[in-house]
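**Q** please find the sequence and the predicted model below.
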Amino acid sequence: MNTVKIAARDAATGPVIEIVGDLDHATAHELRDFVARTGLRPGQLMVLDLARLEFCDSSGITALIAARNHAVAAGADVALAAVPANTLRVLRIVGLDQVFPLHPDAPSATGDRPTTAPPG
């Protein structure tokens, strides 16, 4: 059985949502539901921290897009942090690396330290 754990913490820029495990057809709804309950204010940045993401299929990619749509509807921004190489490859193939700002880790995304180029 595929599992995902989702937790949020606050940063100065807005929520940082950590996704751990598999984001696939069986678990993508959990991210969509979690994000829908996440309050965002205009101008905030929601960071999706994927450092511990183990697998992401097309349903998971769709959930990431839904998270972006939620942020945009709230007048906020979204960024992806620590995107695993296999997921980054898919994002690049379908052009979503041009839609999502990519950061090497969550502190870079939130400005907790200087930003460097994304991996890969």
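**A** Great, that's in hand.
**Q** neighbours of residue 75, how many?
**A** As a burial measure, the neighbour count of residue 75 was computed by other C-beta atoms under 10 Å and equals 11. The way it works is simple: take the backbone N, C-alpha and C, and place the C-beta from them, glycine included.
**Q** what sits against it?
**A** Taking C-beta atoms under 8 Å, 6 or more residues apart in numbering as the criterion, residue 75 is in contact with 40-43.
**Q** how about it, phi and psi?
**A** Geometry field for residue 75 lists phi and psi as phi 80, psi 20, criterion degrees, to the nearest 10.
**Q** same question, the one 4 residues further on
**A** The phi/psi pair for residue 79 (degrees, to the nearest 10) reads phi -140, psi 150.
**Q** list the contacts for the closest residue to it other than its chain neighbours?
**A** Spatially, and ignoring its direct neighbours in sequence, residue 79 is nearest to residue 101 (4.2 Å; C-beta to C-beta, 6 or more residues apart in numbering). If you count contacts by C-beta under 8 Å, 6+ apart, residue 101 has them with 77-80, 109.
**Q** just to revisit the earlier point, can you tell me which two in the contacts of residue 75 are farthest apart?
**A** Put simply, by C-beta to C-beta the two of the contacts of residue 75 set farthest apart are 40 and 43, 9.3 Å from each other.
**Q** more crowded one of the two?
**A** residue 40 (20 against 11).
**Q** and the more buried one, its phi and psi?
**A** As for residue 40, its main-chain torsions (degrees, to the nearest 10) stand at phi -130, psi 140.
**Q** that one and residue 74 touch, don't they?
**A** Yes: using C-beta atoms under 8 Å as the test, residue 40 is close enough to residue 74 to be in contact (3.9 Å).
**Q** for the host helix or strand of residue 29, the averaged confidence score.
**A** Using DSSP states H and E, the secondary-structure element containing residue 29 is helix 28-36. Looking at helix 28-36 alone, the average pLDDT works out to 97.
**Q** got the buried residues for it?
**A** Going by neighbour count (16 or more other C-beta atoms under 10 Å), the buried part of helix 28-36 is 28, 30-32, 34-35.
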